[in-house]
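Chemist: just to be clear, the model below is a prediction. Sequence and coordinates:
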Amino acid sequence: ISQRWLLVLFAGGTVVVLVVWLAAPVIVRLFLERGAFTPADTVIVADLFRTGLLQLPFHWAALLLYTELASQGARRPIIIATSVAVGGKLLLNVLLRESMGLHGIQLASVFLQILLFFGLAAGRHLHGRSLKHVE
């Protein structure tokens, strides 16, 4: 069941990213373009917003994996995956901030979610194998 939901969440997140990606300028304009916030600002913010959207499918899927591992009491894979992901984000913040500015920080957040998703997926796989050895 969780495998099916994992696919649904990842696919759903991807669809949401595609739809919101196309609507990003309109969304930013509706919510932010007031007073000193100009159409040029809308373009900049919509571009940053789009970059951040890329993390959504990985985040949704990682939430499911996290919940599954937590319900099984598998703390170690959660701690390892989270530590690697946060460490990777901190490193990428330093490396990408100078060359890419705010886009670099957004990309670091995207990579955090990707690292967390794959780390939790690996932890799920390894934890499942260790459970089979116990039985």
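Modeler: Done, it's in. Numbers count the residues shown, from 1 in each chain.
Chemist: can you tell me which helix or strand of this structure has the lowest average pLDDT?
Modeler: In the chain, no helix or strand scores lower on mean pLDDT, DSSP states H and E than helix 102-134, which sits at a mean of 86.
Chemist: so how far is it off the chain centroid?
Modeler: Mean-position distance between helix 102-134 and its chain equals 10 Å (C-alpha atoms, centre = their mean, to the nearest Å).
Chemist: quick check: buried residues in it?
Modeler: The neighbour-count check on helix 102-134 (16 or more other C-beta atoms under 10 Å) flags 103-121, 123-124, 127 as buried. No exception for glycine: its C-beta is placed from N, CA and C like everyone else's.
Chemist: helices or strands next to that helix in the packing?
Modeler: Under the contact criterion of 3 or more C-beta pairs under 8 Å, 6 or more residues apart in numbering; DSSP states H and E, helix 102-134 touches helix 39-53, helix 56-71, helix 75-100.
Chemist: just name the most buried of those.
Modeler: Neighbour counts (mean count of other C-beta atoms under 10 Å) averaged over each of the helices and strands packed on helix 102-134 peak at helix 56-71, with a mean of 19.
Chemist: where does this protein have low pLDDT?
Modeler: For the chain, the stretches with pLDDT under 70 are 129-135.
Chemist: hmm, 90 instead?
Modeler: Applying pLDDT under 90 to the chain flags residues 1-3, 31-40, 124-135.
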